[in-house]
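Enquirer: quick one, structure for this:
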Amino acid sequence: MMSKSMHSPNNPSRTQHGVSLLFALIALISLAFAALGLVRMVDTGSLVIGNIGFKQDATAGSDLVANEALTWLAGKNTGNTLDKDDAANGYFASSLDVLDPTANGSFGNARALVDWNSDDCAYAVEGTYANCITPSAATTYGTNTGRWVITRLCKTAGSPDAGNGCSVPLNKVAVETGGGEIKYGGGVRFTPASGGPFYRIIVRNVGARGTVSFTETIAYF
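Expert: Have a look, this model is predicted:
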């Protein structure tokens, strides 16, 4: 006697195996995308950290260039030498209120740009600025190259007397008050101190991988 085993063409077991394979493939693809996202996240984080490091290095290099500018100023601080422009060395005896050293200001077409790259301010569209001034010669420290522009904080060139409106350091002086007077600020006032006007030193430093840093230093003698 022979027995026959009957099998349905729509075997539920086979259907279940097919569905499991589909879910396994979906899970595998999801894991692949998650791994790819993690790799990209790590790469982006490393890139950001690296950029911050280069920026910090460029800023630190700017300090060395600023010190060199201060040394240059100190050497010229004799007689009335600093009362007139020395445009070839990036020095100007007036404040240059429309100076736009980063080319991101809002001074309109009257702004003065700085020829940082020695290409006649080719980085800006012609007609969007009035002047293209020359900075100092380039100074190199390791992978950093910096240049500066110095402006004296006075209205115009010439003598830094009271009529020139120069910004100068102040001294605190005690004020004597009589009976019934109201004291304000601890009973003190401010008067111009001895010494010259303030000088604004703007440094542009280019570090590794073209990282650019701008710093500004205010000094007086």
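Enquirer: so where do the helices sit in this structure?
Expert: Along the chain, counting by DSSP state H, helices occupy 12-76.
Enquirer: would you map the strands across it?
Expert: 91-92, 112-114, 131-133, 139-141, 144-152, 170-174, 188-192, 199-206, 212-219 (DSSP state E).
Enquirer: which strands or helices does the second one pack on?
Expert: Other helices and strands packing on strand 112-114, by 3 or more Cβ pairs under 8 Å, 6 or more residues apart in numbering; DSSP states H and E, are strand 131-133. Every residue, glycine included, has its C-beta placed from N, CA and C.
Enquirer: residues of the strand it packs on that come out buried?
Expert: Ile133 (16 or more other Cβ atoms under 10 Å).
Enquirer: equivalent analysis for stretch 202-212, please.
Expert: Ile202, Val203, Arg204, Asn205, Val206, Gly207, Thr211.
Enquirer: stretch 67-80 too?
Expert: Glu68, Ala69, Leu70, Trp72, Leu73.
Enquirer: likewise stretch 157-165?
Expert: So for stretch 157-165, counting by 16+ other Cβ under 10 Å, buried means Pro160, Asn164.
Enquirer: how far away from the center of its chain is that stretch?
Expert: Its chain's average C-alpha position is 31 Å from that of stretch 157-165, according to Cα atoms, centre = their mean, to the nearest Å.
Enquirer: from the opening residue of that stretch to its closing one, how far?
Expert: 11 Å (Cα to Cα, to the nearest Å).
Enquirer: repeat for stretch 80-92
Expert: Note: stretch 80-92 ends 13 Å apart using Cα to Cα.
Enquirer: what is the mean pLDDT for it?
Expert: Stretch 80-92 shows a mean pLDDT of 95.
Enquirer: what does that stretch contact?
Expert: Defining contact as Cβ atoms under 8 Å, 6 or more residues apart in numbering, one finds that stretch 80-92 is touched by 72-73, 76, 93-94, 133-137, 147-152, 157-160, 196.
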